[in-house]
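Peer 1: Here is my input; please provide its structure:
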Amino acid sequence: MEQYRLKFECVKDGTVFGLGGSECHGLFFALLGQAHPDFSHTLHEAKLNPYSIGPIRGEGCSINGMYPLTSGGEYSFTVSLLTAEMGAVVSSMGELFHPAHQFRLGSADCRWLAMEKITESDYLELLKERPGRQFAIVFSSPTCFRRQGVNLLFPSPELVFGNLAERWNAFAPVPLEVEAGENIFVSRYNLKTSLVRYANYKMTGFTGKIEYSFSNSATDESRQKILALARFAHFAGIGYKTGMGMGECRFIKK
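Peer 2: Below you'll find the predicted structure:
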């Protein structure tokens, strides 16, 4: 697994919707289509995304659901890759992220500054760390879960680790069977909800910090599996629309 930061400069003022997630998703696929058209088509048809895309970070903040990009301002977003194939494809595209290459993002004109790898790991490595009694997850972009057309807005262990286990088992060399509801519980949280605007709809998600503690009956093996999934969340994201800026999070060991 690898995570890259894609850095760019705005050269003509404009805006993107909400987190810029849908625009960054479209830009990412345009680049894939240019460099690897067959792979891009296959990826579009995938049931689960072997990647996640973070929100735009940089100067300014969202106003009335729109994020302004200002000429001369520097911005970035992350792309996390969950398979070796995805990693190889994206690393081969490095020459596209050159300042001479301009592009349109929302209504703004931009140019690339750099693509830099910021972290990497592998599935087996995530399984090696010794678990403690508790840990925390910080949701840094709005997060939600989606069931039967309804947004679920609390990161219960069943939702969080069920979602992560599904992604893990789709891409990892070693599958995990996890009974989160029996082994872990929420011990503290500080969350708030907010709206994320997309072009044709809005999503409600939560941000903030939640702490989980292991039950006394949790075995070392169960704790190790759950901890591996919590660390995996840094790359995979959690919940709905992780390919469009939502569900970005980080793990904190206690």
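
Peer 1: which residues in the stretch 151-254 of the chain form helices?
Peer 2: Applying DSSP state H, counting those that start in this stretch to the stretch 151-254 of the chain gives helices spanning 157-171, 180-183, 220-236.

Peer 1: Check residue 88 and give its pLDDT.
Peer 2: Model confidence at residue 88, given as pLDDT, is 93.

Peer 1: Mind exporting the C-alpha coordinates of the helix or strand it falls within to PDB?
Peer 2: Per DSSP states H and E: residue 88 is located in helix 84-91. The C-alpha coordinates for helix 84-91 follow below in PDB (Å, rounded to 0.1, in the frame of the first residue of the first chain):
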ATOM      1  CA  ALA A  84       0.500  -3.500  -5.900                       C
ATOM      2  CA  GLU A  85      -1.000  -3.200  -9.300                       C
ATOM      3  CA  MET A  86      -2.500   0.200  -8.500                       C
ATOM      4  CA  GLY A  87       0.800   1.300  -7.000                       C
ATOM      5  CA  ALA A  88       2.700   0.300 -10.200                       C
ATOM      6  CA  VAL A  89       0.200   2.100 -12.400                       C
ATOM      7  CA  VAL A  90       0.300   5.400 -10.500                       C
ATOM      8  CA  SER A  91       4.100   5.400 -10.000                       C
END
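
Peer 1: How far off centre is that helix?
Peer 2: 17 Å (CA atoms, centre = their mean, to the nearest Å).

Peer 1: Can you give me the buried ones in it?
Peer 2: Neighbour counts using 16 or more other CB atoms under 10 Å place 86, 87, 89, 90 of helix 84-91 among the buried residues. (Glycine included, C-beta is placed from N, CA and C.)

Peer 1: still on that earlier bit, now render the helices of the stretch 151-254 of the chain as TSV, adding distance to residue 41 and mean neighbour count.
Peer 2: Shown next, in TSV, are those (distance: least, CB to CB, whole Å; neighbours: other CB atoms under 10 Å):
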stretch	distance to residue 41	mean neighbour count
helix 157-171	19	20
helix 180-183	35	17
helix 220-236	23	21
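
Peer 1: Which of the ones you listed sits closest to residue 191?
Peer 2: helix 157-171 (12.4 Å; CB to CB).

Peer 1: Tell me, please, the helix or strand in the protein that averages the lowest pLDDT.
Peer 2: helix 180-183 (a mean of 84; mean pLDDT, DSSP states H and E).

Peer 1: Please tell me the pLDDT value assigned to residue 131.
Peer 2: Value for residue 131, per-residue pLDDT: 80.
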